[in-house]
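Asks: coordinates for the following, if possible.
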Amino acid sequence: MEIRIIKTEKDYKMALKRIEIIFDAPENTPEGDEAEILSILIEKYEEEHYPIEAPDPIEAIKFRMEQMDLKNSDLAGIIGYKSRVSEIFNRKRKLNLQMIRKLHEKLKIPYEALIEDYD
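Replies: Okay, the predicted model is just below:
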């Protein structure tokens, strides 16, 4: 078991190949420990080199609606009229504080996702 910090793309690819081999290793075994350490190192490398940006508020709402199998008319019951939902989704109207609070309360979307600036 030779573990080292992942510094380059080559190191990263080697780590991915290795973890593929030992992924299902039992816990509390040398290979299980190696898999756990490698997964931490891979995660750290990916966070630094392949960051995933948070979705803008509109995309966060759409994603949550899809998860909950909601339609635009369902959203109208939360934030107001159907036309308002359309304006928001077409980015002609911004979310206001009251809408953000209701979306957080009813759809459990984090405030941080809803208050992000968007075009």
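Asks: C-alpha only now, for contacts and for neighbours.
Replies: OK.
Asks: please identify the buried residues of stretch 98-113?
Replies: Ile100, Arg101, Leu103, His104, Ile109, Ala113 (16 or more other Cα atoms under 10 Å).
Asks: and the last one, what pLDDT?
Replies: This points to Ala113. We have a pLDDT of 93 for Ala113.
Asks: which of the buried residues of stretch 98-113 sit farthest apart?
Replies: Arg101 and Ala113 (11.8 Å; Cα to Cα).
Asks: dump the buried residues of stretch 98-113 to CSV, plus distance to Lys71 and secondary structure.
Replies: CSV is the format used below for those (distance: Cα to Cα, whole Å; DSSP: H, G, I helix; E, B strand; the rest coil):
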residue, distance to Lys71, secondary structure
Ile100, 18, helix
Arg101, 19, helix
Leu103, 14, helix
His104, 17, helix
Ile109, 16, coil
Ala113, 20, helix
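Asks: for the residues you listed, which one is nearest Lys10?
Replies: Scanning the buried residues of stretch 98-113 for proximity to Lys10, where the rule is Cα to Cα, the winner is Ala113, at 34.3 Å.
Asks: quick one, what contacts the closest one?
Replies: Ala54, Pro55, Asp56, Pro57, Ala60 (Cα atoms under 8 Å, 6 or more residues apart in numbering).
Asks: which of these fall in helices?
Replies: Pro57, Ala60 (DSSP state H).
Asks: buried ones only from the contacts of Ala113, please, as a PyMOL command.
Replies: Here is the PyMOL command that selects the buried residues among the contacts of Ala113 (16+ other Cα under 10 Å):
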select buried, resi 57+60
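Asks: closest to Ser83 out of the contacts of Ala113?
Replies: Looking across these and measuring by Cα to Cα, the closest to Ser83 is Pro57, at 18.1 Å.
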